[in-house]
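> A predicted structure for the sequence below; I have some questions about it.
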Amino acid sequence: MLEQKIAFLGTGNMAEAIIKGLLRAGTARPEGIIATGRRTERLEELQRAYGIRTTQDNLAAAREAEIVVLSVKPQAMDKLVVQVAPALDHRKLVISVAAGVPIAALERRLGAGARIIRTMPNTPSLVGAGACALSRGEHASEEDLAVASRIFQSVGITTVVEENLLDAVTGLSGSGPAYVFLVIEALSDAGVKVGLPRYTALKLAAQTVLGSAQLLIETNVHPGQLKDQVTSPGGTAIAGLHTLEAGGLRTTLINAVEAATRRARELGEQFLEKSER
């Protein structure tokens with residue numbers, strides 16, 4: 001159980017997912033969580049659902065908490081950090097979930113000694129199946145990293161990487177759910193094309209992706225080996241795989257991750273430049 005009080009500055013889907021996970025796992029108590037937002041109806045909804053405290057006052061929430069989670073979109077981050085900087089001294093642990101916002105940019109706004117953990121979670125956190133990478137700033141301790149990891153383990157798995165790899169994480173697992181949803185949609189369309197009802201095709205496609213991922217994780221077998229187990233000589237799977245390879249699926253997915261990584265890097269550079277002004 002975390003004894004520190006946690007403030008979530010921003011109450012979007014990711015913040016709600018983490019709050020829900022913390023309470024479900026018993027990692028935090030409702031009275032130990034405070035969340036902020038602009039819309040009163042959203043705050044009332046979260047208060048009813050989880051029994052947490054809510055407010056529209058970011059600065060007051062940051063002052064009260066020992067762990068402050070910056071959970072707004074990247075374009076709103078600079079304004080938020082400037083607003084709450086007077087409350088975020090070196091005694092607070094600051095966790096950012098905003099894609100493309102470098103630790104150096106946050107340190108410039110918060111001052112020397114700020115204890116910052118930058119994270120890259122993904123949307124499956126909403127159902128407790130997230131993947132989150134974490135990186136600690138210069139002044140954050142191993143204990144700080146362990147606390148942050150514990151928070152995100154309540155909604156999935158975590159891994160620790162150097163900050164220069166977080167853009168790659170954004171391109172792979174951060175943006176990856178969008179790629180997988182496209183694959184599921186395409187498989188479903190294909191099922192309809194060959195005669196299946198839409199609901200049946202979508203249900204089978206989604207479960208096939210889920211089951212295949214679960215098989216890989218639980219067996220820890222290389223995906224190439226699992227693929228070979230499905231493909232019999234002259235069979236249906238190898239015929240389908242031949243078509244996928246001819247269409248460049250593998251190359252297209254690699255290119256997609258590279259493109260998303262480049263874009264994350266560009267956004268980070270833009271934010272860094274803004275913080276220098």
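Nice, I can see it.
> domain-wise, how is the protein divided?
Domain assignment for the chain by automatic domain parsing gives 6-166, 176-259.
> now the ones you listed in TSV, with distance to R277, mean neighbour count and mean pLDDT?
For glycine as for every other residue, the C-beta is placed from the backbone atoms N, C-alpha and C. What follows is the domains of the chain, written out as TSV (distance: least, C-beta to C-beta, whole Å; neighbours: other C-beta atoms under 10 Å; pLDDT from 0 to 100):
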stretch	distance to R277	mean neighbour count	mean pLDDT
domain 6-166	10	19	95
domain 176-259	28	12	97
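> can you tell me the distance between the two ends of stretch 145-160?
Start and end residues of stretch 145-160 are separated by 9 Å (C-alpha to C-alpha, to the nearest Å).
> so how far is it off the chain centroid?
Relative to its chain's centre, stretch 145-160 lies at 11 Å (C-alpha atoms, centre = their mean, to the nearest Å).
> so which of the domains of the chain is nearest E273?
domain 6-166 (8.9 Å; C-beta to C-beta).
> backbone dihedrals for the closest residue to V160 other than its chain neighbours, please?
In space, and not counting its chain neighbours, V160 is closest to L134: 5.4 Å by C-beta to C-beta, 6 or more residues apart in numbering. L134 adopts backbone torsions of phi -130, psi 150, taken as degrees, to the nearest 10.
> quick one, what contacts L134?
Shown in contact with L134 (C-beta atoms under 8 Å, 6 or more residues apart in numbering): 117-120, 145, 148-149, 152, 158-161.
> the nearest residue to I117 once chain neighbours are set aside is in what secondary structure piece?
Excluding its sequence neighbours, the residue lying closest to I117 (C-beta to C-beta, 6+ apart) is A148, at 4.2 Å. Take DSSP states H and E as the rule and A148 turns out to sit in helix 142-153.
> can you name the next helix or strand after that helix?
strand 156-160.
> angle of that following strand against helix 142-153?
On the basis of axes from the mean of the first three to the mean of the last three C-alpha atoms, to 10 degrees, strand 156-160 is oriented at 150 degrees to helix 142-153.
> and the domains of the chain: which comes nearest E276?
Judging these by C-beta to C-beta, what sits closest to E276 is domain 6-166, at 7.1 Å.
> what's the helix or strand hosting L272 packed up against?
Following DSSP H and E, one finds L272 within helix 249-275. Secondary-structure packing of helix 249-275 (3 or more C-beta pairs under 8 Å, 6 or more residues apart in numbering; DSSP states H and E): helix 74-84, helix 103-110, helix 166-169, helix 176-193.
> which residue sits closest to the spatially most central residue of the chain, ignoring its sequence neighbours?
The residue lying closest to the centre of the chain (C-alpha atoms, centre = their mean) is P121, at 1.6 Å. Excluding the flanking residues, the one nearest P121 by C-beta to C-beta, 6+ apart is C132, at 4.0 Å.
> ok, the one you found - contacts?
Per C-beta under 8 Å, 6+ apart, neighbours of C132: 119-122, 125, 152, 155-159.
> against K92, how distant is the residue nearest to I117?
13 Å (C-beta to C-beta, to the nearest Å).
> ok, A259 next?
36 Å.
> now do S71
15 Å.
> what of K20?
23 Å.
> Y179 is in contact with N122, correct?
No. Contact criterion C-beta atoms under 8 Å: N122 and Y179 do not qualify, at 11.3 Å.
> how many neighbours does R262 have?
When counting by other C-beta atoms under 10 Å, one arrives at 12 neighbours for R262.
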